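S.K.: okay, sequence plus prediction incoming.
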Amino acid sequence: MATGHSVRYPAADLSRYAAQLFAAAGCDGDKPNTIAAALVEADLLGHTTHGLQLAPTYLGELESGGMTPHGEPDVVADRGAAVTWDGRRLPGVWLTARAVDLAVDRAATYGVVTVVIRQSHHIGCLAAFLQRATDRGLMITIASSDPAVASVAPFGGRKAVFTPNPFAVGIPTDGDPILIDISASITTNGMAGRLRREGKRFPGPWALDATGQPTDDPTELFADPPGTLLPTGGADHGHKGYGLALMVEALTQGLTGFGRAEAPRRWGASVFVQVIDPAVFGGADAFRRETGWLAATCRATPPVPGVDAVRLPGERGLANKRRALAVGVDLYPGILEALAPFAKKYGVQELAPQSEG
Ligand SMILES: NC(=O)c1ccc[n+]([C@@H]2O[C@H](COP(=O)([O-])OP(=O)(O)OC[C@H]3O[C@@H](n4cnc5c(N)ncnc54)[C@H](O)[C@@H]3O)[C@@H](O)[C@H]2O)c1
Ligand SMILES: O=C(O)C[C@H](O)C(=O)O
């Protein structure tokens, strides 16, 4: 959605500022830099609900004890190609970056490496981690769900069981990677909350009210009793999103084996990361040839009326990132204002805008 404003900030300044805040909030080691870089990466890719917008909430979680600031995940099991961590409610963005890097390192040995994390905290924008693998010619899948907090009902129902249950897939090609990053629900809690705050409506009937009637009103999700977000496919074809939500649940809650009975009734995540080296299957060059053909063929498809050109997932995000790295990040309104009280409290100097116009 358009931001309608024009103050830009250098990505490096945003990262430095956010890292200072996370360090001041008690995060140790490389956590402040890693968290800040991943949040800014989300803004660079245009996923503005899951970039620095989350920083004030994460800082609040650190202050309240909902997020653990220091230490390492506990290793529950390590079989080389299959790893299970207990994240101890450490920052999910940091845990996921670590898990991806571990899987990427081990992919040379095992070909396919899977890391699952129980008791992670929220992992932000899934696309932000994909290029850590695709830049090395590796395919990657990430999925996440929350064991405790739900907003999406199974198709045909009107009581929430799932979170939006996102999954992201990074696919290297002979050019830019394909970066798929979608939820099993029609939109996210983050977007619903933003539209509600701004007094806006969904573009269509994306939710059900508590009686099960389709609605475009995001406030229904926050009513008592609450409505639900529809699965991907909406009121008519939500069986598709419902199926995807079940798949994500199995990969995250199922594989981590952390039952909902044990899960604290707090915001958090169970996470699935899998890295595949195409070299151990049909070959790295053959893989890139196939995926490159696919990307070029999709792009060359004649567009329907009203569409300029067929895009690949991630294409607009990567273009946005290149532009933002050159001219600065067009930060969504209100984010720096929400960070200012933390900066004041921690004695961190606030950020000045680079340019206006
Ligand atoms: N951490 C969490 O628990 C959580 C949960 C849900 C979502 N999220 C994040 O929220 C963000 C938004 O999620 P969403 O489900 O609303 O995604 P979305 O509906 O905004 O879809 C984004 C994806 O669709 C692609 N896309 C969009 N329009 C396209 C087009 N015309 N042609 C081809 N591809 C197109 C984008 O490249 C991207 O891959 C994501 O970054 C996601 O990771 C996080
Ligand atoms: O809200 C959540 O915990 C999940 C996700 O970030 C979302 O915006 O739906």
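M.R.: Now that the structure is in, tell me what you want to look at. Ligands and ions are numbered 1, 2, ... in the order given.
S.K.: residues from the protein in reach of ligand 1?
M.R.: Contacts of the chain with ligand 1, taken as CB under 6 Å from any ligand atom, map to 47, 49-50, 122-127, 144, 164, 166, 168, 179-183, 187-188, 191, 311, 313-314, 317. Glycine gets a C-beta too; all of them are placed from N, C-alpha and C.
S.K.: narrow those residues to those in helices?
M.R.: Members of the residues of the chain next to ligand 1 lying in helices (criterion: DSSP state H): 191, 317.
S.K.: quick check on the residues of the chain next to ligand 1: which are buried?
M.R.: For the residues of the chain next to ligand 1, a neighbour count by 16 or more other CB atoms under 10 Å gives the buried set as 47, 49-50, 122-127, 144, 164, 166, 168, 179-183, 187-188, 191, 313-314, 317.
S.K.: show me which of those neighbour ligand 2.
M.R.: Near ligand 2, by the rule CB under 6 Å from any ligand atom, you find 122, 164, 188 out of these.
S.K.: nearest residue to the first one other than its sequence neighbours?
M.R.: Spelled out, that is residue 122. residue 92 (4.9 Å; CB to CB, 6 or more residues apart in numbering).
S.K.: residues contacting that neighbour?
M.R.: Applying CB atoms under 8 Å, 6 or more residues apart in numbering, we find residue 92 in contact with 117, 120-124, 144, 268-269, 271.
S.K.: neighbours of residue 265, just the number please.
M.R.: Other residues near residue 265 come to 9 when the count uses other CB atoms under 10 Å.
S.K.: same check on residue 74?
M.R.: Neighbours of residue 74 under the rule other CB under 10 Å: 12.
S.K.: about what we covered before: what pLDDT does the residue nearest to residue 122 get?
M.R.: Per-residue confidence (pLDDT) for residue 92: 98.
S.K.: now do the lengthiest helix in the chain: distance to the chain's middle.
M.R.: Counting by DSSP H, the longest helix found in the chain is helix 92-110. On the basis of CA atoms, centre = their mean, to the nearest Å, helix 92-110 sits 16 Å off its chain's mean C-alpha point.
S.K.: after it comes which helix or strand?
M.R.: strand 112-120 (DSSP states H and E).
S.K.: just checking: what are the partner strands of that following strand?
M.R.: strand 82-86 (parallel), strand 269-276 (antiparallel) (DSSP bridges).
S.K.: got the CA positions of the helix or strand that the last one is followed by in PDB?
M.R.: Spelled out, it's strand 269-276. Under the assignment DSSP H and E, the closest C-terminal helix or strand after strand 269-276 is helix 284-299. In PDB, the C-alpha atoms belonging to helix 284-299 read as follows (Å, rounded to 0.1, in the frame of the first residue of the first chain):
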ATOM      1  CA  ALA A 284      23.200 -26.600  -9.700                       C
ATOM      2  CA  ASP A 285      23.500 -25.500 -13.300                       C
ATOM      3  CA  ALA A 286      20.500 -27.500 -14.400                       C
ATOM      4  CA  PHE A 287      18.500 -26.100 -11.500                       C
ATOM      5  CA  ARG A 288      19.300 -22.500 -12.400                       C
ATOM      6  CA  ARG A 289      18.600 -23.200 -16.100                       C
ATOM      7  CA  GLU A 290      15.100 -24.500 -15.200                       C
ATOM      8  CA  THR A 291      14.200 -21.800 -12.700                       C
ATOM      9  CA  GLY A 292      15.700 -19.100 -15.100                       C
ATOM     10  CA  TRP A 293      13.500 -20.500 -17.900                       C
ATOM     11  CA  LEU A 294      10.500 -20.400 -15.600                       C
ATOM     12  CA  ALA A 295      11.100 -16.800 -14.500                       C
ATOM     13  CA  ALA A 296      11.700 -15.600 -18.100                       C
ATOM     14  CA  THR A 297       8.600 -17.400 -19.400                       C
ATOM     15  CA  CYS A 298       6.300 -16.100 -16.600                       C
ATOM     16  CA  ARG A 299       7.600 -12.600 -17.200                       C
END
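S.K.: so how far is helix 284-299 from its chain's centroid?
M.R.: Relative to where its chain is centred, helix 284-299 has its mean C-alpha point 25 Å off (CA atoms, centre = their mean).
S.K.: stretch 162-169 too?
M.R.: 8 Å.
S.K.: now do the end-to-end distance for that stretch.
M.R.: Stretch 162-169 stretches 20 Å from its first residue to its last (CA to CA, to the nearest Å).
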